[in-house]
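> just a sequence and a predicted model for now, questions to come.
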Amino acid sequence: MTRPVIVVHGGAGTWHPERQNPGIEGVKEAALKGFNILMENGSAVDAVEVAVMSMEDNEVFNAGKGSTFTLDKRIEMEASIMDGKTLKAGAAGLLTDIKNPVHLARIVMEKTDFVFLIGEGAEKLAEIYNLERQNPATELRLKYWKNLREKLLKGEVNYLPRLHELVEQHPELFVYETVGAVALDKEGNVAAATSTGGMTLKIPGRIGDSSLIGCGTYADNAAGACSATGIGEIAIRLVLAKTVCDYMQRINAQKAVEEAIKLVNRRIAGKANFMGLIAVDTEGNIGAAHNSPNMCWAYMHAGMSSPKASLTAEIIKS
Ligand code: ASP
C-alpha cells in the first residue's frame with residue numbers, strides 16, 4: 001500500500017496582508033479534508049475534488065465564492081480535474097454562478113464522452129445534475145476590481161498586453177490566486193484538480209490554464225500529478241502541468257517543479273512571468289515552487305498530525 005499524500009495551493013501572486021491568515025487557514029482546512037478522504041481509503045480523485053471544493057467555498061480564494069471580475073464586471077469561473085489512473089479528464093469554463101465548478105468538471109469527466117464544456121452547454125449539464133448555484137461576487141473582490149479599473153481608466157495602465165508593467169507598478173492589485181490540489185491515494189493512483197475565477201480584468205470569454213488539461217492540470221500514474229497557478233497564458237504556452245509530469249518520469253516532484261519554474265524564467269523572461277506549481281510523484285514525494293513573491297499552499301501525508309502550510313515554497317528566481 002502506498003503512503004497517501006495531498007498537496008494543495010490557494011494561488012501564487014502577492015498575498016495581501018488582509019488575506020494571509022485566512023489563506024493559510026483555508027489551505028490547511030482543504031488539505032485536511034482531502035487527506036481524511038485518502039485515509040478513509042478514498043481515491044485521489046475524491047480527495048482533490050473535496051480539497052478544491054473546500055477552497056471554492058472559502059471566499060478568501062479566487063475560485064467559486066470570491067472569484068475575481070472580468071473587465072466588464074462579470075464573473076467567469078473555470079475548473080478541471082484529471083484521474084491519473086485512467087487519464088480521464090473533465091473541465092468546465094465560462095461559469096457564472098455554479099457553486100462548485102470543480103464538481104461540474106468531474107461530472108463532465110464521468111458522465112459525458114467529452115473533456116471540456118463551456119458556457120451554455122456546461123450550464124445545461126449543471127442543471128441536469130441539479131448543481132447548487134450561488135452569486136460568487138464579494139465586496140473585497142469588487143474593491144480590488146474597482147482599484148485596478150480606475151487605474152486603467154486614468155491611463156495609468158496600458159491594459160493587459162503591458163502586463164509586465166502593470167505587475168511591476170501594482171503588484172498588490174494583481175490577483176491570480178487560483179486553487180488547486182494534487183494527491184496520491186493508498187492504491188498508488190494520482191489525481192489533480194484546479195479551479196479559478198481567472199485573472200482580474202480579463203476580457204470576457206478569456207479561458208486560462210486552469211481548465212486546460214496539460215496546462216493548469218495534469219495527472220498520470222506513470223509519473224505524478226501537477227496543478228499550476230499564476231499567469232495562465234504562460235502555463236498554456238509551456239503546457240506546464242504536463243511538462244512537470246514529463247519531468248517526474250525521471251526526477252522527483254520537487255526537482256520537477258523547480259525545473260519547470262526555471263523553464264518559465266528562461267523561456268518567458270520578463271517581469272510578468274509569475275507562476276507557481278505543486279506536484280506529487282508516484283513515490284509520494286511532494287513538490288512546490290514559484291517565481292512569484294508568494295504561493296499559499298499546504299500539504300499532509302501519513303504520519304503528520306496536522307497539515308503544514310506556508311505563503312512561500314522554493315522561490316526560483318533564475
Ligand atoms: N492561472 C490562473 C489564470 O490565469 C490565475 C491564477 O493562477 O491565479 O486564470
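Yes, it's here.
> what's the burial count for residue 59?
Around residue 59 there are 21 other residues, counting by other CB atoms under 10 Å. Glycine gets a C-beta too; all of them are placed from N, C-alpha and C.
> please identify the helix or strand for it.
Of the helices and strands defined by DSSP states H and E, none includes residue 59.
> can you tell me, leaving aside adjacent residues, what's nearest to it?
residue 66 (3.5 Å; CB to CB, 6 or more residues apart in numbering).
> so where is the stretch 101-250 of the chain shaky, pLDDT-wise?
Residues of the stretch 101-250 of the chain that meet the criterion pLDDT under 70 lie in 152-176.
> all the helices of it, in order from the start?
101-111, 119-128, 139-153, 163-169, 232-237, 240-247 (DSSP state H, counting those that start in this stretch).
> show me the strands in the stretch 151-300 of the chain, by range?
179-184, 190-196, 217-220, 224-230, 275-281, 286-290, 294-301 (DSSP state E, counting those that start in this stretch).
> residue numbers of the stretch 101-250 of the chain in contact with the ligand?
Neighbours of the ligand within the stretch 101-250 of the chain, by CB under 6 Å from any ligand atom: 176-178, 196, 198-199, 208-210, 229-232.
> try 5 Å
176-178, 196, 198-199, 208-209, 229, 232 (CB under 5 Å from any ligand atom).
> could you dump the helices of the stretch 101-250 of the chain to JSON lines with distance to residue 287 and mean neighbour count?
Formatted as JSON lines, those follow (distance: least, CB to CB, whole Å; neighbours: other CB atoms under 10 Å):
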{"stretch": "helix 101-111", "distance to residue 287": "21", "mean neighbour count": "25"}
{"stretch": "helix 119-128", "distance to residue 287": "31", "mean neighbour count": "16"}
{"stretch": "helix 139-153", "distance to residue 287": "30", "mean neighbour count": "15"}
{"stretch": "helix 163-169", "distance to residue 287": "25", "mean neighbour count": "17"}
{"stretch": "helix 232-237", "distance to residue 287": "16", "mean neighbour count": "21"}
{"stretch": "helix 240-247", "distance to residue 287": "8", "mean neighbour count": "26"}
